[in-house]
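Enquirer: Structure for this input, please:
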Amino acid sequence: MLTAWRSSPTRLREDAATEADLAGAGYRDRLLTELAQNAADAAVKAGVPGRVSVRLRGRALHIANTGAPLDLSGVHALTALRASGKTGTAVGRFGVGFTAVLSAGEEIEFRSTTGSLRFSRAQTLAELRAHDITIPDLDGTGVPVLRLAWSVSAAPEEGFDSEIVVWLREDVDAGALLAAIRAETTDLLLELPGLHSIRIEEDEAWRAEDEITDDLRQVCVTDLSGIDHRWWQYRTERVRWLLPLRDGHAVAAAADVLRAPTRTDEELSLPVLVIADIALQPDRRRLMPGARIAELAEGYADFARALPPADRPVLIPPPGFARSEADGVLREALIAQLRDHPWLPIVPTADNDVPPEDAVAAPARASVFLGATTDLTAALAEFLGPLVVAELSGRSVAELLAVVDVHRIGLARIAELTGSVQRPPEWWYALYDALEPFVTDPLAAEELGALAVPLSDGRLVTGPRTVLVDDRLDDAVAVPWARLVHPEAAHDLLARLGAQQADATDLLGDPALRAELDHRPDDEELRDAVLTLAAHLPPDTTLPAWLGALELPDDTGEFRPADELLLPDAPLADVLIADSPFGTLDAAVAQRHSAAALRAIGVGWGFTVVTETDPTGPDHDLDDEDRWWQGLPEDPPEFAAVRDLDLVDDEAWPQALRLLLSEPATRRLLADRDGYTAWWLRRHAHIGDRPLGVFRAGSDPVFAGLLPELPGFSEAESAALGAVLADPATITGQLTAALLEALADPAKTPSPEAVSQIHQRLAAAVPHLDLDEIGVPERVRALSGAVIAPERALVLDRPWLGLALPPDRLVAGDIEHAADLATLLDVAAASEAVDAEVLGSGHRTEWAAEPLGVLLRLQFGLPPLTGELVLHDRLEVRLSGAYEATVAVPWWREGGTTHVQRQPGPR
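Expert: Numbers count the residues shown, from 1 in each chain. Here you go, the predicted structure:
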């Protein structure tokens, strides 16, 4: 080398400049890095765990390592700046990389068990001068330090095979240098698998690996502070990928640089550390131009597939801008790898003939429902194709999955796809149960508007708003006229999405059922559905009368409307006329279905009730309904009536009435005096030869002595039948005729007050009666109780006439309706048939001027009176006409004049 420098000063200048460039630029700040790489190579070469020890003794930095000792090729590499003695898998650059020591000092020893060398700027200068070699002006860069080496006898630190000793220059801060070295230890142990440990003074960091598969390992580096740092490591042909672990879970790496194997200046924004075998520029800081970095991505998807499912999405490069050109190229290559290769965990289905842990898909073919639960994904996977597992469906992962083109589905898409799904009802219930937590607002409910719903008849329909739910049904009932949800699929979610609640009553009252009955009343499916629903009715439920059109078999095998049939042993059969239109239900049908269900749809047991809401006229096919309806002031809001009363045998009415009382539905109608049922019974039902309407209730005093009580019934029964008996407040033509007949019967002995009250009620009813139907009585009842001929009777129409006429000729009601009473009885009014003349002149005065007038007014509670007042010591009246007599009276009235007899004064 001295000969070469002597013969070529330029060569000396070039060597010095090259060394200065390497030390000051390419290998600056890489002292431990380069020596650690060399140590790793030595350990690998020797097949021993690599150990590095760093100590500072005074101003001397000692860096020792285990492994293959220095050999001749190593010496050549150290002293030849343009060549390295390493080949194959070596990671260090033994020659040029060694220049990193010059950043710390210019006096260096390389101690090895095979021999030791010393490099010295001072000794090199001395040799140049000793050999008269011109030292050129090297712009302050000095002379080369590592081109000349001197053999020394110093041995490496005990327990190590090699040791580098660098005497620090005065401008080097030893503490800062050691701190920088400490900071590199964790990275170096991670980057250099050949190293097992690095010791800095008394602190030691070390590396351990757990092999999971051939390519996947878990790497643990315990740093100088004793803290463990873990990574998933996956090795491909050219790359080691390292994914940080924290508390056992993968986390994305912080922004980093490409490592090849140690740190370069190529910045990366990937979630993993990249340690690659790729061509670098001589200074090992940048990629060689044309380096095919995209090829490094090969096998990245295999890394993802090798990880636990929860850790896999962390490998996806997050959205953002690339930090360098190399970063951009590698990011795109990694995303393409992940997008197009299967690694993403999906929900296994029956179609996937693989173990659950092996169920994966390429993200570009997979879908994810944001926030999906395990239950929901299990249901959705059966018809949504590859579906990401619930564990990876959270919002925190969604942004990453979008990078690799995982399709995000929403509620609307789920609803749309359910229309072609054929599953059992319990599967649908599980789907609704899994979907319910996601319906948190009206918008979500709207998105599920097209959700499919299984019906009880086996159909699958679209839209919860179109269906009915009966949560009281235990078994499926095929209801062809309505969209009834299958009971095993009836979930509360359907109601939130617009499904209407409907019970058996609603379903059996559906107009659509009426239309079905009009077209096919004998349909077996319809019959079974109606009777099954009827079995679920609450007690005493009233159904529309048109349900009676459903045809059932009678005991002869003929099909007849239900409302024309009676149950076997029905008590109604015992009270009907012999030729009634009713048949008897087939016994087998009666045994197969409950009596309550059969009765609810119209099959007779007792009397049947006809009902209608908002009726518009007498169109219920009831006897004499037109006449009852004409008597109503307005159409009733609700109509209810007992039918078939006209079919009761006349001799069976006591039994029929008790049958009506035995059923709550009919008993209620008996209490409604204005209703059709009570009205009809009063007019048309007879016990003996008397209509019910002319029997009196036992508690009624008005008709006592005139009308008989209902025979053969208990007091409680009579009270319950009160509305079908005579009503003192409602005088009908029928009752009028009966009362007139009773009044004309001498055997009856009503009190004078009862007679007067009856006459008063009869007279008040005259304007509403058809007198032609009633006729004129042959005898009338006088106030005295006497029964007299009408021509002898006088109707009291002036109260003072009652003071003069005998009670056995007076017919008294009330003065207001006296004319109507006279018309009804065809009897003369007393004031028209009898003339009266007051005898004597008396004393004429005024009411206000006479003490007796004032006292009379106060006594009878009269208002101030006008007209003339005539006082008599004895007041007599002469009667003529229909009755002739002279009688004394206490008072009398002629026109506007009042005659009063004086009272005897005190003695």
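Enquirer: Any figure for the gap between residue 826 and residue 122?
Expert: According to Cβ to Cβ, to the nearest Å, residue 826 and residue 122 sit 165 Å apart. (C-beta placed from N, C-alpha, C; glycine too.)
Enquirer: er, residue 389 actually
Expert: 69 Å.
Enquirer: Please identify which of these two sits among more neighbours.
Expert: residue 389 (22 against 11; other Cβ atoms under 10 Å).
Enquirer: need the contact list for the closest residue to the more buried one other than its chain neighbours.
Expert: The spatially closest residue to residue 389, leaving aside those adjacent along the chain, is residue 345, at 4.7 Å (Cβ to Cβ, 6 or more residues apart in numbering). By Cβ atoms under 8 Å, 6 or more residues apart in numbering, the contact list for residue 345 reads 309, 312, 359-360, 388-389, 391-392.
Enquirer: 6 Å instead?
Expert: Going by Cβ atoms under 6 Å, 6 or more residues apart in numbering, residue 345 touches 309, 360, 389.
Enquirer: What separation is there between residue 373 and residue 430?
Expert: Noted for residue 373: a distance of 11 Å to residue 430, by Cβ to Cβ.
Enquirer: And for residue 851?
Expert: Using Cβ to Cβ, residue 851 is found at 102 Å from residue 430.
Enquirer: what's the offset of the lowest-mean-pLDDT helix or strand in the chain from the middle of its chain?
Expert: Lowest mean confidence among the helices and strands of the chain (mean pLDDT, DSSP states H and E): helix 9-21, at a mean of 81. Mean-position distance between helix 9-21 and its chain equals 83 Å (Cα atoms, centre = their mean, to the nearest Å).
Enquirer: Return the list of helices and strands in contact with that helix.
Expert: If you count contacts as 3 or more Cβ pairs under 6 Å, 6 or more residues apart in numbering; DSSP states H and E, helix 9-21 packs onto helix 2-7.
Enquirer: List the buried residues for the helix it packs on?
Expert: residue 5 (16 or more other Cβ atoms under 10 Å).
Enquirer: Tell me the gap between that helix and the middle of its chain.
Expert: Offset of helix 2-7 from its chain centre (Cα atoms, centre = their mean): 94 Å.
Enquirer: Can you give the contact residues for it?
Expert: Counting by Cβ under 6 Å, 6+ apart, 11-12, 131, 133 sit against helix 2-7.
Enquirer: run the last query once more with 7 Å
Expert: Outside of helix 2-7, the residues within contact range by Cβ atoms under 7 Å, 6 or more residues apart in numbering are 11-12, 127, 131, 133.
Enquirer: same thing with stretch 300-314?
Expert: With contacts defined as Cβ under 7 Å, 6+ apart, stretch 300-314 is touched by 213, 215-216, 232, 234, 241, 243, 249-252, 271, 315, 334, 337-338, 341, 343-345, 360, 389, 391-392, 397, 400-401.
Enquirer: So which of these sit within strands?
Expert: 216, 232, 234, 241, 243, 249-250, 344-345, 360 (DSSP state E).
Enquirer: Please produce TSV containing those, extended by distance to residue 170 and pLDDT.
Expert: Conversion of those to TSV gives the following (distance: Cβ to Cβ, whole Å; pLDDT from 0 to 100):
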residue	distance to residue 170	pLDDT
216	50	93
232	46	96
234	47	96
241	44	97
243	45	97
249	49	93
250	48	95
344	60	97
345	61	96
360	62	95
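Enquirer: Need the buried ones from the residues you listed selected in ChimeraX.
Expert: Selecting only the buried entries of those in ChimeraX, with 16+ other Cβ under 10 Å as the criterion:
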select :216,232,234,241,243,250,344,345,360
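Enquirer: I'd like a version of the ones in strands among the contacts of stretch 300-314 in JSON lines, one that adds distance to residue 148 as further columns.
Expert: As requested, the ones in strands among the contacts of stretch 300-314 are arranged in JSON lines below (distance: Cβ to Cβ, whole Å):
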{"residue": "216", "distance to residue 148": "49"}
{"residue": "232", "distance to residue 148": "48"}
{"residue": "234", "distance to residue 148": "46"}
{"residue": "241", "distance to residue 148": "44"}
{"residue": "243", "distance to residue 148": "47"}
{"residue": "249", "distance to residue 148": "55"}
{"residue": "250", "distance to residue 148": "52"}
{"residue": "344", "distance to residue 148": "61"}
{"residue": "345", "distance to residue 148": "63"}
{"residue": "360", "distance to residue 148": "62"}
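Enquirer: neighbours around the closest residue to residue 148 other than its chain neighbours, how many?
Expert: Take residue 148 and drop its neighbours on the chain: the residue closest to it by Cβ to Cβ, 6+ apart is residue 124, 5.1 Å away. Residues contacting residue 124 under the criterion other Cβ under 10 Å number 25.
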